[in-house]
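**Student:** predicted model and sequence below, questions to follow.
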Amino acid sequence: MRLKSISAWVLSASLAMHAMSAAAVDAAAVQTAFNQRYQTFFGADSNSLLPLPAIDKQDWKRMREKKALRQVYQEPGKYYNSKVYVFTLYQDEDGGAYYLDATGGFWGMDELVYGPLSAQDIGLP
């Protein structure tokens, strides 16, 4: 009986590890697709905003309080709009729309939020 419980635990741990590694691969694919699609907007000499729908900071705050969002990836040190930002991409827990939160600039005071974004908006097929 003890052997069965150990086997069940090993199986569940293995499945959990597989799910985590699949999520990490998906996050890397999403980040790569996004960076490739919008590469002309990133760099020390960039000063253009992304051609994506913007969200007001207060609306974003209310949305985060009401919606369950999953962090897809976070990329610090991103040159954008002549400043350095931390880009964090979120997705609705139900697998729906994406939201991009860019925080940084002068002393981290700037925050630009974009969304809702479709898979096509972020460069996914």
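**Tutor:** Structure's in. What do you need? Numbering: from 1, shown residues only.
**Student:** only C-alpha atoms for contact and neighbour calcs from this point on.
**Tutor:** OK.
**Student:** mind naming the longest strand for the protein?
**Tutor:** strand 69-80 (DSSP state E).
**Student:** other residues contacting it?
**Tutor:** 27-28, 30-31, 41-44, 46-49, 84-93 (Cα atoms under 8 Å, 6 or more residues apart in numbering).
**Student:** centre of the chain versus the very next helix or strand once past it, how much separation?
**Tutor:** Downstream of strand 69-80, the first helix or strand assigned by DSSP states H and E is strand 83-92. Computed by Cα atoms, centre = their mean, to the nearest Å, the separation of strand 83-92 from the middle of its chain amounts to 6 Å.
**Student:** quick check: neighbours of the helix or strand that strand 83-92 is followed by in the sheet, parallel or antiparallel?
**Tutor:** Going down the chain from strand 83-92, the next helix or strand is strand 98-104, by DSSP H and E. According to DSSP bridges, strand 98-104 forms sheet pairs with strand 83-92 (antiparallel), strand 110-117 (antiparallel).
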